[in-house]
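K.L.:
Sequence first, then the predicted structure:
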Amino acid sequence: MIFEPFKIGNLELKNRIVMPPMCQYSSDNAGSVKSWHISHYVARAIGGVGLIIVEATAIDPDGRISPNDLGIWDDSHVEGLKTLVERVHENGAKIAIQLAHAGRKSKATDDPVAPSAVRYSEHYGHPRELTQDEINQIVEKFQNASKRAKKSGFDGIEIHAAHGYLINEFLSPLTNKRTDRYGGSIEKRARILIEIISAIREVWDEPLWIRVSASDYAKGGNDVDDTIDILNFLKDKIDGVNVSGGGLVRDQSVKVYPGYMIDNAGRVKIGTNLAVIGGGLINSLELSEYSLNSEKCDLVFVGRQLLRDPYWPLKIAHEAGIDIEWPVQYERAKDVTK
């Protein structure tokens with residue numbers, strides 16, 4: 001089943017293997033695409049991945065996780081991103097970009113911002129609470145980044161609302177202590193995400209989905225039911241959801257094992273009826289097939305395993321006796337008896 005095609009929105013994928021966004025911290029201080037990014041992503045396209053999602057790409061220089069993050073806050077970024085998209089397309093994969101703002105977890109600025117002045121840890125700066133005008137500017141920056149994504153030729157956009165970065169900070173009561181229209185009830189905490197998605201939809205009609213932390217894995221934080229409520233505010237404007245978890249606070253309680261977030265993905269799928277990308281240390285064909293056949297998710301994200309082996313899709317297909325198309329340059333290796 002993992003090698004069957006699937007459509008998310010109007011985007012047809014040749015299989016259900018997704019490379020999730022994984023920061024490479026390999027740009028320069030200008031946020032430009034480098035040769036590493038081309039080599040890194042193209043290798044996974046050659047290896048048979050159906051959908052590649054580019055690492056967290058900052059919509060603001062002060063919203064980077066590190067000074068070496070990719071950027072999409074300026075028109076000068078388009079040329080490099082366009083080249084990356086073209087090279088991935090040439091090698092048979094579709095490619096999306098994750099638009100992100102690190103919020104209080106930014107180490108690229110001396111003036112980190114957040115929904116509330118709540119510090120992540122002693123190793124991070126004290127964040128400043130965003131004003132209404134600054135929130136409006138951030139919404140506009142997400143919209144402008146989406147315009148650049150369109151110029152660059154990306155097939156889809158993923159909004160980073162997970163792992164304790166800015167949007168996730170607004171969503172969780174652990175980090176959002178505001179008393180204005182952006183804090184309090186779950187709908188108010190979701191307001192900035194709703195505004196961002198609405199602004200993007202004014203300029204982008206291609207597939208759009210959100211990466212969420214389905215659970216904060218912390219007492220008093222959001223759990224799966226809360227995340228389902230948030231997604232249901234948006235389900236008419238998005239095409240899917242990438243289900244991850246954690247990252248909001250240092251003292252989280254989560255048991256990690258192969259497939260550990262798949263059950264949460266299944267709950268989100270039932271609760272929203274959205275197309276779901278699920279995973280969590282997926283490392284085998286058997287676990288991938290279980291996740292799909294049990295209808296926990298529609299697409300499977302494979303992260304660390306693809307870092308270890310860029311050609312993992314070709315390998316597991318061969319080992320299972322599944323005949324898929326190989327790059328013509330590699331066909332001589334397809335039959336191991338020769």
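P.N.:
Great, that's in hand.
K.L.:
list the contacts for S213?
P.N.:
161-164, 168, 222, 227, 244-248 (C-beta atoms under 8 Å, 6 or more residues apart in numbering). Any C-beta I mention is one placed from the backbone N, CA and C, and that applies to glycine too.
K.L.:
State the distance from it to R189.
P.N.:
13 Å (C-beta to C-beta, to the nearest Å).
K.L.:
can you pull out the strands in the stretch 151-300 of the chain?
P.N.:
Applying DSSP state E, counting those that start in this stretch to the stretch 151-300 of the chain gives strands spanning 156-161, 208-213, 240-244, 275-279, 299-301.
K.L.:
residues in contact with the shortest one?
P.N.:
The one in question is strand 299-301. With C-beta under 8 Å, 6+ apart, strand 299-301 has contacts from 2, 6, 8, 13, 16-20, 50-51, 242, 275-279, 282, 288, 291-292.
K.L.:
Quick one: mark the members of those residues that sit in helices.
P.N.:
288, 291-292 (DSSP state H).
K.L.:
got the contact list for the nearest residue to N283 once chain neighbours are set aside?
P.N.:
Among residues not flanking N283 along the chain, Q305 sits closest, at 4.9 Å (C-beta to C-beta, 6 or more residues apart in numbering). By C-beta under 8 Å, 6+ apart, the contact set of Q305 is 282-283, 312.
K.L.:
Which one of the residues you listed sits in the busiest neighbourhood?
P.N.:
I282 (27 neighbours; other C-beta atoms under 10 Å).
K.L.:
Which residue comes closest to that residue once chain neighbours are left out?
P.N.:
Using C-beta to C-beta, 6+ apart, the closest residue to I282 is V302 (5.0 Å).
K.L.:
what's the pLDDT at the one you found?
P.N.:
On the pLDDT scale, V302 is placed at 98.
K.L.:
Was I right to think it contacts N15?
P.N.:
No: assessed by C-beta atoms under 8 Å, V302 is found out of contact with N15, at 11.2 Å.
K.L.:
Quick check: neighbours shared by these two?
P.N.:
V49.
K.L.:
Looking only at neighbour counts, state which of the two leads.
P.N.:
V302 (25 against 21).
K.L.:
Now do that one against D335, distance only.
P.N.:
The separation that V302 has from D335, given C-beta to C-beta, amounts to 25 Å.
K.L.:
do N68 as well
P.N.:
When N68 is compared with D335 (using C-beta to C-beta), they lie 42 Å apart.
K.L.:
neighbour-wise, which of the two wins?
P.N.:
Neighbour totals were compared for N68 and D335, and N68 leads with 16 against 8 (other C-beta under 10 Å).
K.L.:
neighbours around the residue lying closest to the more buried one once chain neighbours are set aside, how many?
P.N.:
For N68, the nearest residue in space outside its immediate sequence neighbours is Y25; the separation is 4.3 Å by C-beta to C-beta, 6+ apart. Other residues lying near Y25 total 13 when counted by other C-beta under 10 Å.
K.L.:
surely W73 meets K141?
P.N.:
Yes: counting by C-beta under 8 Å, K141 is a contact partner of W73 at 6.7 Å.
K.L.:
Name the residues contacting each of those two.
P.N.:
In contact with both W73 and K141: 59-60, using C-beta under 8 Å, 6+ apart.
K.L.:
how far out from the middle of the chain is whichever strand or helix holds V139?
P.N.:
Here V139, judged by DSSP states H and E, is contained in helix 132-152. Taking C-alpha atoms, centre = their mean, to the nearest Å, the mean C-alpha location of helix 132-152 is offset from the chain mean by 17 Å.
K.L.:
contacting residues for the closest residue in space to R267 that isn't next to it in sequence?
P.N.:
Nearest-residue entry for R267: V224, 4.9 Å, with adjacent residues in sequence omitted and distances by C-beta to C-beta, 6+ apart. By C-beta under 8 Å, 6+ apart, the residues touching V224 are 214-215, 264, 267-268, 271.
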